[in-house]
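Participant: Predicted structure and sequence below. I'll ask about it afterward.
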Amino acid sequence: MNISRKWLREFVDITATDKEYDSVMTLAGQKVETTERMDAEIKNVVVGKVLSMKKHENSDHMWVCMVDCGAGEPVQIVTGAQNVHEGDLVPVAQHNSYLPGGIHITKGKLRGVESCGMLCSYKELGLTEHDCPEAYADGIWILNDEGCTVGEDMNIVIGNDDSIVEFEITNNRPDCYSLIGLARETAAAFNVPMKHHEPVVKGGAEGNLGELLDVDVQADDLCPRYTARMVRNVKIAPSPKWMRQRLRSAGIRPINNIVDITNYVMVEYGQPMHAFDYRYVKGGKIVVRRAGEDKTLTTLDGNVRNLQPDMLVIADETKPVGLAGVMGGENSEIVDDTVDVVFESANFLGSSIRKTALALGMRTDASAKFEKDIDPMLTVPAVNRACELVEQLGAGEVIDGIIDVDNSDPNHKRLPFEPDKMNALLGLELPAEEQQKLLEQLDFKIENNEVVVPFFRTDINRMCDVAEEVARMY
C-alpha cells in the first residue's frame, strides 16, 4: 500500500521527517518498506516565460527564445517546437538540470547557436496525456492555465513535492489497505487526534430513486451489503489537477472524472466502487446473483470471461453487467456520452471473490481488497463520499436517497477485558487504566468490563489479539 504524505495530512497532523515517520510506524506494527521522494528525478527545472522568439539563422524550423526563469538575466534557449509563442509560460530545464531517467541537461550549441537549457514537454517530465489532458501531445507543455508563476519549481507545479511511503500490509489488516486506515494508525502511533470527515451530499436532482432503480440481492450469503446511489446529468470530463495528482501518487492512472472518483474513494476509504451507465442497466434493476446459466461476460478490459455457475455476478433483468468485486462489464462502462450513473458500493464474501479472481486469472485492485473481507460498514460513507465529490467537481446532480440492502451483522464484536491475563501473556505489568488508554488510541472501547471491537478490525477475535494491540502501542 502506497500513501502520499501530503494526502495523509488531510487526516492527521504530524511534523515528523520521513525517517522519523518510517521508524515510528514500523515500531507500531505497520512496517514501512521504502519511502521515496517524488521529486528525486527532476532537478533545476522551473517555470519560464518566453519573452521573445526569432528564427534560427541556420535552421528553417528552429527558434531562438529569450526566457525569463525568475532569477537574474533572461537565458537563451533554442527549440524546435512549433506550439510556443511569446508570453507563454513553459517548463524550462536549466543548465545542469536533471529529468526522469537520469537525463542531464547542460548548455550547448544547436546549429551553432548557444542554448542554455531546454523547453520541456510533459512527456519529458515523466507525465502522460492522462496527467495533462489539455496539453499538446507533440510539443512543449504550455502552462498558461496551470496557475503557476515564473521561477516556480516544476516539482511543485506537477505535485511532486511529496513523499510516497510504501507499507507492507499483512493480510489480516484489510483496514490498512486505505489512506484513512493508515491515517488512523498514524494518529495512534503518534498519539495525536485523527481528523474525521463526514461526507455531505446536497442532492436535490430530479427523480425518485425508488422508481428509477431496484436492487435485488438474491445471493445474500455472498453479498452481506449492497449500497447504491444515482447521479443524473453527468458531465464527463478530465478530473481537476489536484485529483489527478493524488491518483498518480497512488499509482493510479487518471481516466475521467466519474471513474477517477471511484478510484479516489477506493484509495481513501479502502472500499472498491463501480460506476454503471444507467441506460445499460435494463429495466432499471440490479440483481446480485450467481452466474447460473450465463456462460460468458465481456469485462471492461475487452476480454471474454468464461463464467462458472457459482461465480457472483452483478446483473440487470436480462444479463450480467459485471463480475462482483472483480471488474465491471464492457456493456455498462462509463463513456463520453454517459448521462446517468449508478454508483455501486458493496460488500462481498472474501472467499467468493478470491475463488472467482483465481479461476479467471484476473486479480484486480478491487478483488485484492474484497478477498480480505473488508468492513461492510464502509459502503454507505464511501458512496456518500463519491456523491460529495461529484458535486464538488460539478460532474453531475445527485438524486436524493440511497438504496442499502444490508444483511450484515449490526452488532459490535465484544470480548472480555482481561488486563491480568494480557499482562501474563505479554510479560508486562501495565495497569488496567493504561491498557484501556492504549486501546482507545486505536478506537477500541471498554464498556462493562468488555472490549468493544471497532467494525473495521475484522482480525480481532480473541484475548491474545487484544493483547497484541496493547503491546504494539506500548
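Facilitator: Okay, I see it.
Participant: how about the spatially closest residue to M422 that is not a sequence neighbour, what does it touch?
Facilitator: Using Cβ to Cβ, 6 or more residues apart in numbering and skipping the chain neighbours, the partner closest in space to M422 is A467 (4.1 Å). No exception for glycine: its C-beta is placed from N, CA and C like everyone else's. Residues in contact with A467 (Cβ atoms under 8 Å, 6 or more residues apart in numbering) are K421, M422, L425, L426.
Participant: neighbour-wise, which of the residues you listed leads?
Facilitator: M422 (21 neighbours; other Cβ atoms under 10 Å).
Participant: which secondary structure element contains it?
Facilitator: helix 419-426 (DSSP states H and E).
Participant: can you tell me the average pLDDT over that helix?
Facilitator: Taken as a whole, helix 419-426 has a mean pLDDT of 96.
Participant: can you check stretch 79-94 too?
Facilitator: In the prediction, stretch 79-94 has an average pLDDT of 93.
Participant: One more: stretch 359-378?
Facilitator: In this model, stretch 359-378 has a mean pLDDT of 92.
Participant: ok so, going back, and the angle from the strand or helix carrying the residue nearest to M422 to helix 419-426?
Facilitator: In this structure, A467 sits in helix 463-473 according to DSSP H and E. If you take axes from the mean of the first three to the mean of the last three Cα atoms, to 10 degrees, helix 463-473 sits at 70 degrees to helix 419-426.
Participant: Which parts of helix 463-473 count as buried, going by neighbours?
Facilitator: M463, V466, A467, E468, E469, V470, A471, R472, M473 (16 or more other Cβ atoms under 10 Å).
Participant: before we move on, what about stretch 71-78?
Facilitator: P74, V75, Q76, I77, V78.
Participant: what about it, distance to the chain center?
Facilitator: 39 Å (Cα atoms, centre = their mean, to the nearest Å).
Participant: can you list the residues that contact that stretch?
Facilitator: With Cβ under 8 Å, 6+ apart as the test, stretch 71-78 has contacts from 48, 51, 56, 62-69, 92, 94-95, 110-111, 113-119, 151.
Participant: distance between the ends of that stretch?
Facilitator: Its first and final residues considered, stretch 71-78 spans 19 Å by Cα to Cα, to the nearest Å.
Participant: do the same with stretch 103-121
Facilitator: Where stretch 103-121 begins and where it ends lie 14 Å apart, using Cα to Cα.
Participant: Can you give the contact residues for it?
Facilitator: Contacts of stretch 103-121 with the rest of the structure, by Cβ under 8 Å, 6+ apart, involve 45, 48, 56-59, 62, 64-65, 67, 75-79, 81, 84, 90-99, 124, 135, 138-141, 154.
Participant: at 7 Å instead, please
Facilitator: For stretch 103-121, contacts defined as Cβ atoms under 7 Å, 6 or more residues apart in numbering pick out 45, 56, 58-59, 62, 64, 75-79, 81, 84, 90-99, 139-141.
Participant: Kindly report the same for stretch 1-21.
Facilitator: 24, 35, 162-167, 169, 176-177, 179-180, 182-183, 186-187, 190, 192, 194-195, 246, 249-251.
Participant: Whichever of these end up buried, select them in PyMOL.
Facilitator: A single PyMOL command is used to select the members of those judged buried by 16+ other Cβ under 10 Å:
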select buried, resi 24+35+162+163+164+165+166+167+169+176+177+179+180+182+183+186+187+190+194+246+249+250
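Participant: Quick check: buried residues in the longest helix seen in the chain?
Facilitator: Ranked by residue count, the top helix of the chain under DSSP state H comes out as helix 379-393. Neighbour-count burial for helix 379-393, counted by 16+ other Cβ under 10 Å, picks out 379-391, 393.
Participant: can I get the buried residues of helix 463-473 in CSV with distance to Q435 and pLDDT?
Facilitator: What follows is the buried residues of helix 463-473, written out as CSV (distance: Cβ to Cβ, whole Å; pLDDT from 0 to 100):
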residue, distance to Q435, pLDDT
M463, 12, 95
V466, 9, 97
A467, 9, 97
E468, 12, 95
E469, 9, 95
V470, 5, 96
A471, 10, 95
R472, 12, 93
M473, 9, 93
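Participant: Let me see the ranges of the strands in the stretch 101-250 of the chain.
Facilitator: All strands of the stretch 101-250 of the chain, identified by DSSP state E, counting those that start in this stretch, fall at 103-105, 108-110, 113-115, 117-119, 163-167, 214-217, 225-232.
Participant: Direction included, what does the fourth one pair against?
Facilitator: In the sheet containing strand 117-119, its partner strands are strand 89-99 (antiparallel), by DSSP bridges.
Participant: So C69 sits against K49, correct?
Facilitator: No: C69 lies out of contact with K49 (Cβ atoms under 7 Å); the separation is 8.2 Å.
Participant: C-terminal to the longest strand anywhere in the chain, which secondary structure element comes first?
Facilitator: What stands out as the longest strand in the chain, according to DSSP state E, is strand 43-55. Counting by DSSP H and E, the next helix or strand C-terminal to strand 43-55 is strand 63-68.
Participant: Skip ahead from that following strand and say which helix or strand is next.
Facilitator: Past strand 63-68, the next helix or strand by DSSP H and E is strand 75-79.
Participant: just how off-centre is that following strand within its chain?
Facilitator: 39 Å.
Participant: ok, now stretch 175-192?
Facilitator: Worked out by Cα atoms, centre = their mean, stretch 175-192 lies 16 Å from the chain centre.
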